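1. take a look and give me a structure for this.
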Amino acid sequence: MNDRFRSRIRRRLRSLAWLELLNVPLQAVVWFGVVGLPMTAANMVGFTLFAVLLVVGAGYWLAKLRQISAPGAPLPGAEIFAVARGASLLLLAAGLLFIAGKVVAAPGAGSWAGLVFGLVAVLEYVNYFHVQLMYDTVEDLRYLRSHGLRRAHLARDLAVRRRSRHARTGH
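-> Numbers count the residues shown, from 1 in each chain. Okay, here's the model as predicted:
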């Protein structure tokens with residue numbers, strides 16, 4: 001990988017990480033401040049699920065940035081991301097069940113927005129841990145057109161970790 005390409009990748013990874021982090025307060029201000037969604041339990045749980053997945057995503061892009069700075073190195077914090085994958089799934093399930101109960105009990109702005117936030121969090125989970133859903137570069141769009149959806153970057157990194165761990169332990 002030449003220096004110019006590596007520099008471009010570093011800028012991209014930094015940008016992805018900071019945009020994910022920036023989106024947490026930005027979305028809070030937009031939805032709860034400007035739009036005026038009520039800060040009910042359902043809406044806050046949904047927003048928190050969304051925010052947690054954005055923070056996980058930002059952490060991944062920062063770890064990836066560190067990894068490409070040391071070619072051949074494993075993903076820093078891969079164990080944490082493996083735990084985050086399971087923990088996020090449990091949080092999403094519990095949070096969505098809570099929100100669904102609130103939607104049934106009191107449908108409206110105090111619960112529907114929380115459900116939407118929760119569903120967006122599920123999409124973020126899929127985007128990071130399973131299948132890439134965001135295609136925002138020319139290269140990504142070219143890949144999508146010719147090959148279809150691709151496995152998420154973090155999912156690929158966790159699979160490498162799993163394979164290397166199995167190779168070391170023989171399991």
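
2. ok, residues contacting the helix or strand of the chain with the lowest mean pLDDT?
-> The weakest-scoring helix or strand in the chain, judged by mean pLDDT, DSSP states H and E, is helix 153-169 (a mean of 82). If you take Cβ atoms under 8 Å, 6 or more residues apart in numbering as the criterion, helix 153-169 is touched by 60, 64, 74-75, 78-79, 81-82, 85, 128-132, 151. Yep, even glycine has a C-beta here, placed from its N, CA and C like the rest.

3. nearest to V35, of these?
-> Proximity of the contacts of helix 153-169 to V35, judged by Cβ to Cβ, is greatest for Y128, which lies at 26.2 Å.

4. the residue lying closest to the closest one once chain neighbours are set aside - how many residues pack around it?
-> In space, not counting the residues next to it along the chain, Y128 is nearest to L154; the distance is 4.9 Å by Cβ to Cβ, 6 or more residues apart in numbering. Under the neighbour criterion other Cβ atoms under 10 Å, L154 is assigned a count of 26.

5. same question, W112
-> If you count neighbours by other Cβ under 10 Å, W112 ends up with 18.

6. and if you look at the one 4 residues further on?
-> Residue crowding around V116 was assessed by other Cβ under 10 Å; the count is 17.

7. again, but for V83
-> The number of residues packed around V83, counting by other Cβ under 10 Å, is 11.

8. go on, G59?
-> For G59, the neighbour count with other Cβ under 10 Å is 19.

9. that one: helix or strand, and which one exactly?
-> helix 41-68 (DSSP states H and E).

10. that helix to helix 153-169, inter-axis angle?
-> With axes from the mean of the first three to the mean of the last three Cα atoms, to 10 degrees applied, the angle from helix 41-68 to helix 153-169 works out at 60 degrees.
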